[in-house]
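K.L.:
generate a structure from the sequence data that follows.
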Amino acid sequence: MSDDLQELEDWVTPLLAKLDRKERRALARRVALDLRRSQRERIKSQQNPDGSPFAPRKPQHRAQRGAIRRKAMFSKIRTAKYLKAKGTADGAEVGFVGRVAQIARTHQKGLRDRVDRDGPTVRYPERRLIGFTDDDRELIQDKLIHHLTPE
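P.N.:
A predicted model of the protein is given here:
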């Protein structure tokens, strides 16, 4: 996938060089917002960027009191409060902020972390929250072409 991103970057760089700073920032902002929307929808559908489903939660052996609700994972962190989009003249960024960024990184990379402050340490399965799909690459190309095309 990194080769695809490099190929996209090689295609985009000379076109972006023709734009002034203000236009690059506006374009990057629009791309970042669209990418955030795309990432949010993909997380909502519980899919990795390659289209495979997220690894399911482990079964919980808890009493009814304090039980985890069986809703979709990551319902709060995909909101605009935590999933931020930023566009600058140098690029577009989509990512998590605050404590949520550490939680997202743990799931993104399949790291070990504590379940609770005093709880056991477990290895979380890899769930790719942020990543490029083929549709995202097309979205970036379409936004750039639309921005460069005179109306």
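K.L.:
dump the residue contacts of residue 55.
P.N.:
Residues near residue 55 by CB atoms under 8 Å, 6 or more residues apart in numbering: 125-127. Glycine gets a C-beta too; all of them are placed from N, C-alpha and C.
K.L.:
can you tell me which of those is closest to residue 75?
P.N.:
Distances from residue 75 to the contacts of residue 55, taken as CB to CB, are shortest for residue 127 (13.7 Å).
K.L.:
isn't there a helix covering the closest one?
P.N.:
No. Residue 127: not assigned to a helix; according to DSSP: H, G, I helix; E, B strand; the rest coil it is coil.
K.L.:
pretty sure it contacts residue 106?
P.N.:
No. Contact criterion CB atoms under 8 Å: residue 127 and residue 106 do not qualify, at 9.4 Å.
K.L.:
next one: residue 107 from residue 52, what distance?
P.N.:
Separation of residue 107 from residue 52 (CB to CB, to the nearest Å): 14 Å.
K.L.:
rewinding a little: residue 127 and residue 106: who's more crowded?
P.N.:
Using other CB atoms under 10 Å as the criterion, residue 127 and residue 106 rank with residue 127 on top: 21 against 17.
K.L.:
can you give me the strands for this protein?
P.N.:
Shown for the chain, the strands assigned by DSSP state E span residues 83-88, 91-96, 112-114, 121-123.
K.L.:
strand partners of the last one, parallel vs antiparallel please.
P.N.:
This points to strand 121-123. The strands beside strand 121-123 in its sheet (DSSP bridges) come out as strand 112-114 (antiparallel).
K.L.:
so what touches the partner strand?
P.N.:
For strand 112-114, contacts defined as CB under 8 Å, 6+ apart pick out 103, 106, 120-124.
K.L.:
can you check stretch 97-104 too?
P.N.:
By CB under 8 Å, 6+ apart, stretch 97-104 touches 77, 82, 84, 95-96, 113, 129-130.
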